[in-house]
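[1] kindly generate the corresponding structure for this input.
(chains A and B)
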Amino acid sequence: DTEVTQTPKHLVMGMTNKKSLKCEQHMGHRAMYWYKQKAKKPPELMFVYSYEKLSINESVPSRFSPECPNSSLLNLHLHALQPEDSALYLCASSSRLAGGPGETQYFGPGTRLLVL
Amino acid sequence: GQQLNQSPQSMFIQEGEDVSMNCTSSSIFNTWLWYKQEPGEGPVLLIALYKAGELTSNGRLTAQFGITRKDSFLNISASIPSDVGIYFCAGSSGNTGKLIFGQGTTLQVKP
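    A predicted model of the protein is given here:
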């Protein structure tokens, strides 16, 4: 089973709203990731968590706030977003941050976010 | 920083034709991954390569990890309409979790 689930599938929010994206995996993976993807472009890394600790923050604006409550769950809290933040937000997981098969990332289906 | 050059950018082919796409890097990678993404969905892993020279197949798909560790190719044989999508290569050179993605190859198949 290589399934990563994400909710919601679609989200529309105003610039003053607060919302959260959720990601879950039950593969026993200890590394989880958030990506942002614009249409027809490759995914752009936002955050990396390793063993529930933030490992990488790719200079993401503070209006995006990640949280890893446990080894299976990853959240992305959204607040005061801008229209240019509209995109597909992808979650991924891998066994661990190590060379070889351990670093192979498996993606979820994504959350399509529209900021009005 | 590291960059991946993926080509071609797009392909429009007839059903039944073979397809080849490749990625080249200015630096060495330890892992090469190939993903397919369909509209509105997340990337799906097709093939993972971990050793220089490795040749791996997955049904009609074949991928190779270049011997110089700076390139990889993906071949699709006897294409069918459901092969339509965007194919991304991705490489990793360390233990940081950072994948470097190519810009993608958009494949369209005419029945």
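[2] C-alpha only now, for contacts and for neighbours.
    Will do.
[3] so where's chain A shaky on pLDDT?
    In the predicted model, chain A carries pLDDT under 70 at residues A:1-2.
[4] swap the cut-off to 90 and go again
    For chain A, the stretches with pLDDT under 90 are A:1-2, A:96-103.
[5] in it, which residue is most central in space?
    Closest residue to the average C-alpha location of chain A: A:W34 at 2.6 Å, with Cα atoms, centre = their mean.
[6] can you pull the contacts of the nearest residue in space to that residue that is not next to it in sequence?
    Excluding the flanking residues, the one nearest A:W34 by Cα to Cα, 6 or more residues apart in numbering or on different chains is A:C91, at 4.7 Å. Residues near A:C91 by Cα atoms under 8 Å, 6 or more residues apart in numbering or on different chains: A:4, A:6, A:23, A:32-35, A:107-110.
[7] now with 7 Å?
    The contact partners of A:C91, by Cα atoms under 7 Å, 6 or more residues apart in numbering or on different chains, come to A:23, A:33-35, A:107-108, A:110.
[8] make TSV from those residues and add secondary structure to it.
    What follows is those, written out as TSV (DSSP: H, G, I helix; E, B strand; the rest coil):
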residue	secondary structure
A:C23	strand
A:Y33	strand
A:W34	strand
A:Y35	strand
A:F107	strand
A:G108	coil
A:G110	coil
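[9] closest to A:N75 among those?
    Nearest to A:N75 among those: A:C23, at 6.1 Å, using Cα to Cα.
[10] helix or strand for the nearest residue to that closest one once chain neighbours are set aside, just tell me which one.
    Here the nearest residue to A:C23 in space, its sequence neighbours aside, is A:Q6; by Cα to Cα, 6+ apart that works out to 4.5 Å. Remark: A:Q6 resides in strand A:4-7, with elements defined by DSSP states H and E.
[11] sorry, back to before: show the contacting residues for the residue nearest to A:C23.
    By Cα under 7 Å, 6+ apart, the contact list for A:Q6 reads A:22-24, A:108-111.
[12] quick one on the thing from earlier: okay, and the beta partners of the residue nearest to the centre of chain A?
    Assessed by DSSP bridges, A:W34 has beta-bridge partners A:F47, A:C91.
[13] got a pLDDT number for whichever residue of chain B sits closest to chain A?
    Using Cα to the nearest Cα, the closest approach of chain B to chain A is made by B:G42 at 4.2 Å. Note for B:G42: predicted pLDDT of 97.
[14] surely B:E38 is in contact with B:Y87?
    No - with contacts counted by Cα atoms under 7 Å, B:E38 stays clear of B:Y87, the gap being 8.9 Å.
[15] higher neighbour count, the two?
    Comparing B:E38 with B:Y87 by other Cα atoms under 10 Å in any protein chain shown, the one with more neighbours is B:Y87, at 27 against 15.
[16] tell me which element the nearest residue to the more buried one once chain neighbours are set aside falls in.
    Distances taken as Cα to Cα, 6+ apart put B:K36 closest to B:Y87, at 4.5 Å, once the chain neighbours are dropped. B:K36 is part of strand B:31-37 when elements are defined by DSSP H and E.
[17] just for chain B, where's the confidence low?
    Applying pLDDT under 90 to chain B picks out residues B:1-3, B:40, B:93-97.
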